[in-house]
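In: got a predicted model here, sequence first, then my questions.
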Amino acid sequence: MAGRLHLVEMGHAMLNRRHFLTTSLAATASASIHSQEPKLSYKGENIHFGLVTYMWAADWDLPTLIANCEAAEILGVELRIDHAHAVSPALSPAQRAEVRSRFDDSPVEVLGMGTNCEFHSPDPAEVRKQIDLAKDYIKLSHDIGGTGVKVKPNALVNDVPEADTLKQIGKALAELGDFALGFGQQIRLEVHGKETSALPRIRTIIEAAAHDNVRVCWNSNDTDLSGAGLEANFALVKDYLGQTTHIRGVGQSAYPYDKLARLLVAADYAGHVCLEGAKPPAGDRIAALAQERELFMALIQQARATV
């Protein structure tokens, strides 16, 4: 009997030793693997991927939009006007509350409204109309739980000095910035327009606005690469970047998104980089959205490993 007990005790000891060795080897292997992984900079840790409803989601009603964003793990969306989501200033207070509730019940965040409001017209009445319309969208974005409204510089004006037009746009933005403060909203100036998308002109407009609540929405245009080049043009506005940035899609454009990712990380950008694809894919859009998120966030991770 004593012999059998001794054998059992020896067996337990061998099992415990085997367990110890196995656990120790696994821990050593895990530590070795993790030690080989690149250490990521804290910079860029607050960069997220989002979506503009133009045009990949232009035909999705609001429940479909939210459900599809959840499925693709796209957790921020800018609502471009005149799309199937039907979110507009015409909504009643009860309807606005319903929109807000839908987002509150979802992990998807509404980033705000993307408008076509522009302020370059030589007609003061038209400029006032555009400012008032933008104010309507500021109130709407507030009511549905958004954080900002995107507007545009769209053109220069023939027979009007360029400096005057850029200053006029800036002053309109300053008024909107003041108004938006009362609603907890940010004014986001999209880098837009055949002539006004030049980054030195965007810098001039922002300086004319001279308002902390007026920010730049980087738009990933080909003109970003002109003149002094991407790095120099980015430097002109990096201190003015707002909470949304637009890209056309890593798999959809020849734009140097790897360089943009490094610039955003180096600037410790905090906000959503939103897909704004003009031509939706013919196949599974949810899968394509998820792939775009993975492609761009992989670039961010690579940049964080090298900055």
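Out: Sure, I can see it. Numbering: from 1, shown residues only.
In: please name the nearest non-neighbouring residue to residue 153.
Out: Nearest residue to residue 153, sequence neighbours excluded (CB to CB, 6 or more residues apart in numbering): residue 196, at 3.9 Å. C-betas here are computed from N, CA, C, even on glycine.
In: from residue 139, how far off is that neighbour?
Out: The gap separating residue 196 from residue 139 is 26 Å, by CB to CB, to the nearest Å.
In: and the strands in the stretch 51-200 of the chain?
Out: Counting by DSSP state E, counting those that start in this stretch, one finds strands in the stretch 51-200 of the chain at the ranges 76-80, 109-118, 148-152, 186-190.
In: revised request: answer the last question for the stretch 201-307 of the chain.
Out: Secondary structure of the stretch 201-307 of the chain (DSSP E, counting those that start in this stretch): strands located at 214-217, 244-247, 271-275.
In: quick check: mean pLDDT of the first one?
Out: Taken as a whole, strand 214-217 carries a mean pLDDT of 98.
In: one step back: got the strands of the stretch 51-200 of the chain as a markdown table, with mean neighbour count, distance to residue 222 and mean pLDDT columns?
Out: As requested, the strands of the stretch 51-200 of the chain are exported to a markdown table (neighbours: other CB atoms under 10 Å; distance: least, CB to CB, whole Å; pLDDT from 0 to 100):
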| stretch | mean neighbour count | distance to residue 222 | mean pLDDT |
| --- | --- | --- | --- |
| strand 76-80 | 25 | 21 | 98 |
| strand 109-118 | 24 | 20 | 98 |
| strand 148-152 | 28 | 17 | 98 |
| strand 186-190 | 27 | 15 | 99 |
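In: same list (those strands) but as a markdown table, adding distance to residue 259.
Out: Listed next are the strands of the stretch 51-200 of the chain as a markdown table, based on distance: least, CB to CB, whole Å:
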| stretch | distance to residue 259 |
| --- | --- |
| strand 76-80 | 23 |
| strand 109-118 | 24 |
| strand 148-152 | 24 |
| strand 186-190 | 20 |
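In: which one of those strands lies closest to residue 297?
Out: When the strands of the stretch 51-200 of the chain are compared by CB to CB, strand 76-80 sits nearest residue 297, at 12.8 Å.
In: partner strands of the closest one, parallel or antiparallel?
Out: Sheet pairing here is set by DSSP bridges, and for strand 76-80 it gives strand 47-52 (parallel), strand 109-118 (parallel).
In: now for those, which one comes closest to residue 69?
Out: strand 47-52 (6.3 Å).
In: that closest one to strand 271-275, inter-axis angle?
Out: 40 degrees (axes from the mean of the first three to the mean of the last three CA atoms, to 10 degrees).
In: what about residue 196 and residue 139, which has more around it?
Out: Set residue 196 next to residue 139 and count neighbours by other CB atoms under 10 Å: residue 196 wins out with 25 against 17.
In: run through the residues that contact that one.
Out: 120, 153-156, 166, 169, 202, 205 (CB atoms under 8 Å, 6 or more residues apart in numbering).
In: gap between it and residue 244?
Out: As defined by CB to CB, residue 196 lies at a distance of 18 Å from residue 244.
In: repeat for residue 265
Out: Applying CB to CB to residue 265 and residue 244 gives a distance of 17 Å.
In: can you check residue 169 too?
Out: Residue 169 is 19 Å from residue 244, by CB to CB.
In: ok, residue 234 next?
Out: Between residue 234 and residue 244 the distance is 16 Å, computed by CB to CB.
In: more neighbours, the two?
Out: Under the criterion of other CB under 10 Å, the comparison of residue 234 against residue 244 puts residue 244 first, with 28 against 19.
In: isn't that one right next to residue 271, touching?
Out: Yes. At 5.9 Å, residue 244 counts as touching residue 271 under the criterion of CB atoms under 8 Å.
In: can you give me the pLDDT of residue 49?
Out: pLDDT at residue 49 comes out at 98.
In: how long is stretch 216-226 end to end?
Out: With CA to CA, to the nearest Å applied, stretch 216-226 spans 18 Å between its terminal residues.
In: what are the contacting residues of it?
Out: 150, 188-192, 197-199, 202, 206, 230, 233-234, 237, 240-242, 244-248, 253, 255-257, 260, 276.
In: please identify the buried residues of it?
Out: By 16 or more other CB atoms under 10 Å, the buried positions in stretch 216-226 come out as 216-221, 223-224.
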